[in-house]
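> sharing a sequence plus its predicted fold:
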Amino acid sequence: MHASEREALLAADRRHLWRPYTSSDDHESMEPLTVVRAEGPYLITDTGERVLDGSGAWWCNNLGHGHPRLRRALVQQAETLMHCSMAGTLHEAATRLAQELSEVAPAGLTRVFYSDDGSTSVEVGLKMAFQYWQQNGRPERKRFLALPAAYHGDTFGAMSVGGVEAFHGVFESLFFEVFRPPSPAPGESFEPVIDALCRELERAEGEIAGVIVEPMIQGAAGMRVWPAELLRRLYEATRRADTFLIADEVFTGFGRTGPMWASDHANVAPDILCSAKGLSGGVLPFAATLATERVFDGFRGGKQRALMHGHTFFGNPLGAAIAREVLAIYREEKILEHAAERARELAAGFAEMAEIPGVRRARSLGMVAALDLGEDGYLGEAGWRVQREARARGVQLRPLGDTVYVVPPLNIQRGELASLLRATHDSVASALSQA
């Protein structure tokens, strides 16, 4: 792309596009990365520069960019059936995928409801839980419990159970009621949070429609890791209260934290599981909400008892075919086994960064690693200084304010991961030395 073409494209971008999580002023002044191609862990710019993608295309690129098997699966499916409504029709890709997802899901999750993205997979899960109680003799069960600083998406139900003030505070007057304990200070124990949720479950069990969590690691909260034993304790409390545990595995699923599902760390089988991002390998918008037979059976009866939710592209053939191929790649290329070795290298790299003067906390879980440079959260500026340093070193990072993180592909090669870690280390050290 010639310089004049790029300038014309940038002018059109600034004139007509509206970017997510970007103020209008920032949109008109930013210098975006002009990407024309991508392969493996690299974004390739209009000048031919190969930039390591440290943010995983917003956490979804578990198999890297342009996996050849996913390209082929997309083309092959497009040659026969690109889309049809699933209102009274059947196509093989969606049906086979539902069966295969049930086989790899935590025990008991045997029903699959498709949607478009992570937010809508959460919306579906919340509606399943709420409607179940409304039409099965417990209409007083209307409240949800959630974690502090949670992020579950940007639609209204997902925002209601979320807890990131910087994202959703302006909409708070429109949210439904949610019990959420106070957030611990950075670095403090998460145990009081789970204690508070368990007490509320015991106190008001007859009112609780469900408890929703990001198991093991809260992404937008600053990649906050919490212990498996606390997840297990909360799960057991939901069993005693006979209410639903909803696991938001949109980010944590598909091996991102080590096992296939973050819930597996605690040997927990949720009643409802929300999945997206890695489900389609970062190729297409595609999501699934999995539920138990008990939940599904709660919708038997007349038409008025059906789950009142549906999407035009529910279970679309292209997304379903891609997701089936993702599962096949995980099986045949032993993705989880490969990632386990890379996770050790990632953990070691961030442990080394913890020694840089000015780094406050470093942590890792599976193929997620993060460090904190300040206490100002999402609106902090420290991470953006690191982002600029990393860009100069051929790495694309997207910090969460004062938190710098990397979520590389699970199949990244040792040398590429070493380059990512080295550039991140040097960028953090340089940014802090100038602060």
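Noted; the coordinates are in hand.
> how is the chain carved up into domains?
68-332, 335-387+400-406 (automatic domain parsing).
> out of these, flag the one nearest Trp58.
domain 68-332 (8.0 Å; CB to CB). Where C-beta positions appear, they are placed from N, C-alpha and C, glycine not excepted.
> okay, how far is it across that closest one, tip to tip?
14 Å (CA to CA, to the nearest Å).
> the strands in the stretch 301-435 of the chain, which residues?
Per DSSP state E, counting those that start in this stretch, the stretch 301-435 of the chain carries strands over the ranges 361-365, 368-372, 395-396, 403-406.
> do the same with the stretch 151-300 of the chain
Using DSSP E, counting those that start in this stretch, strands in the stretch 151-300 of the chain cover 178-179, 208-213, 217-218, 224-225, 244-248, 272-275, 287-292.
> one step back: go through the strands of the stretch 301-435 of the chain and pick out the most buried.
strand 403-406 (a mean of 28; mean count of other CB atoms under 10 Å).
> and that strand, what does it pack onto?
The contact analysis (3 or more CB pairs under 8 Å, 6 or more residues apart in numbering; DSSP states H and E) places strand 403-406 against strand 368-372, helix 382-392, helix 414-434.
> rewinding a little: redo the domains of the chain as a markdown table? Include distance to Gly48 and mean pLDDT.
Shown next, in a markdown table, are the domains of the chain (distance: least, CB to CB, whole Å; pLDDT from 0 to 100):
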| stretch | distance to Gly48 | mean pLDDT |
| --- | --- | --- |
| domain 68-332 | 21 | 96 |
| domain 335-387+400-406 | 22 | 96 |
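> how close does Arg324 get to Gln413?
The gap separating Arg324 from Gln413 is 25 Å, by CB to CB, to the nearest Å.
> show me which of these two is the more surrounded one.
Applying other CB atoms under 10 Å to Arg324 and Gln413 shows that Arg324 carries more neighbours, namely 20 against 14.
> which residues does the more buried one contact?
With contacts taken as CB atoms under 8 Å, 6 or more residues apart in numbering, Arg324 has the following neighbours: 73, 93, 96-97, 100.
> could I get those residues as JSON lines with secondary structure and distance to Val404?
As requested, the contacts of Arg324 are exported to JSON lines (DSSP: H, G, I helix; E, B strand; the rest coil; distance: CB to CB, whole Å):
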{"residue": "Ala73", "secondary structure": "helix", "distance to Val404": "34"}
{"residue": "Ala93", "secondary structure": "helix", "distance to Val404": "39"}
{"residue": "Arg96", "secondary structure": "helix", "distance to Val404": "40"}
{"residue": "Leu97", "secondary structure": "helix", "distance to Val404": "35"}
{"residue": "Glu100", "secondary structure": "helix", "distance to Val404": "36"}
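> got a PyMOL select line for the buried ones in the residues you listed?
The PyMOL selection below is limited to those of the contacts of Arg324 classed as buried (16 or more other CB atoms under 10 Å):
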select buried, resi 73+93+97+100
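> circling back: which one of the strands of the stretch 151-300 of the chain lies nearest to Glu381?
Closest approach to Glu381 among these is made by strand 224-225 (19.8 Å; CB to CB).
> that closest one: partners in the sheet, and parallel or antiparallel?
Using DSSP bridges, strand 224-225 pairs in its sheet with strand 217-218 (antiparallel).
> can you list contacts of the strand it pairs with?
Here strand 217-218 makes contact (CB under 8 Å, 6+ apart) with 147, 149-151, 223-226, 251-252, 257, 262, 365, 368.
> excluding its backbone neighbours, what's nearest the residue nearest in space to the middle of the chain?
In the chain, the centroid-proximal residue (CA atoms, centre = their mean) is Phe251; its distance is 2.2 Å. Spatial nearest neighbour of Phe251, chain neighbours left out: Gly219 (4.7 Å); criterion: CB to CB, 6 or more residues apart in numbering.
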